[in-house]
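**Q** no sequence on this one, just coordinates:
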């Protein structure tokens, strides 16, 4: 298991859980599968997996609550699974700290592709090359935008000198904005660059992550350009 990517999979449907576990194991993943949220939390704390797949509707501790508990303890990537593409389910999962979501029923190959896309961006949180002229100042790989400091080498963020806890996905999003402050980035472009989607994706993923990032670095730091996308204020 040490040489394999370890997946925690929490799903209460026996058929889906067993079939998905077998499919993931055939693709080379090591899988710990649990039928409810409480056992899933115990497995997470005991095994510290590389990624968590959480069904929204599981007994004991629902998937959204489990995601929040995991996010309180770790920045491990989380993908939510939902039988519905309902806006409330999707937004609640993303606001709880999930990095992506997949709607059931899902194709096994699509799920594996989404898992690998998330793992790729977590393995390398860096964004595009940064021009020295973009930030107010650049010192030793630290970009400064007013009271906001982005350490592109240490992958850390500070606001008014205080550390800001961001997930790797939020860091990648912030780095994309910092490459060209004042330039509008469309939701589709952000999906491509940050979420590694080579196909169309749900732009709600972008919107919720932008809102989460605003809460951490300042509501007025990222501006919405209606009909186009978002930009970091220069």
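**A** Looks like it arrived, so ask away. Predicted model only: the values in this text are computed from it and were never measured.

**Q** from here on, just use CA atoms for contacts and neighbour counts.
**A** Fine.

**Q** could you list the domains of the protein?
**A** 6-123, 137-232 (automatic domain parsing).

**Q** where among those is average confidence lowest?
**A** The weakest mean pLDDT among those belongs to domain 137-232, with a mean of 88.

**Q** picking that back up, can I get the domains of the chain in TSV with mean neighbour count?
**A** Formatted as TSV, these follow (neighbours: other CA atoms under 10 Å):
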stretch	mean neighbour count
domain 6-123	18
domain 137-232	17
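
**Q** before we move on, what SS does residue 213 have?
**A** Reducing the assignment at residue 213 to three states with DSSP: H, G, I helix; E, B strand; the rest coil gives helix.

**Q** is it true that it touches residue 169?
**A** No: here residue 213 lies out of contact with residue 169, judged by CA atoms under 8 Å, at a distance of 10.0 Å.

**Q** distance from the biggest helix by length in the chain to the middle of the chain?
**A** Taking DSSP state H as the criterion, the chain has its longest helix at helix 108-123. Relative to the chain's own centre, helix 108-123 is displaced by 11 Å; criterion: CA atoms, centre = their mean, to the nearest Å.

**Q** which residues are in contact with that helix?
**A** 20, 23-24, 27, 51, 77, 79, 99-100, 102, 168-169, 172, 194-197 (CA atoms under 8 Å, 6 or more residues apart in numbering).

**Q** how about the contacts made by residue 103?
**A** With contact set as CA under 8 Å, 6+ apart, residue 103 has these partners: 81, 82, 83, 84, 85.

**Q** ok, it to residue 65 distance?
**A** Counting by CA to CA, to the nearest Å, the separation of residue 103 from residue 65 is 18 Å.

**Q** helices along the chain, start to end?
**A** Secondary structure of the chain (DSSP H): helices located at 14-26, 37-47, 63-73, 87-95, 108-123, 168-179, 187-194, 204-217.

**Q** now those as TSV including distance to residue 224?
**A** Below are the helices of the chain laid out as TSV (distance: least, CA to CA, whole Å):
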stretch	distance to residue 224
helix 14-26	39
helix 37-47	36
helix 63-73	27
helix 87-95	19
helix 108-123	24
helix 168-179	12
helix 187-194	11
helix 204-217	10
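
**Q** which one of those helices lies closest to residue 161?
**A** Nearest to residue 161 among the helices of the chain is helix 204-217; the distance by CA to CA comes to 11.8 Å.

**Q** what's the angle from the closest one to helix 168-179?
**A** Angle between the axes of helix 204-217 and helix 168-179 is 80 degrees (criterion: axes from the mean of the first three to the mean of the last three CA atoms, to 10 degrees).

**Q** which residue packs closest to residue 229, ignoring adjacent ones?
**A** residue 186 (4.2 Å; CA to CA, 6 or more residues apart in numbering).

**Q** how much space between that neighbour and residue 108?
**A** According to CA to CA, residue 186 stands 29 Å off from residue 108.

**Q** phi, psi of the most centrally placed residue in the chain?
**A** Central residue of the chain (CA atoms, centre = their mean): residue 99, 2.4 Å from the mean position. The phi/psi pair for residue 99 (degrees, to the nearest 10) reads phi -90, psi -20.
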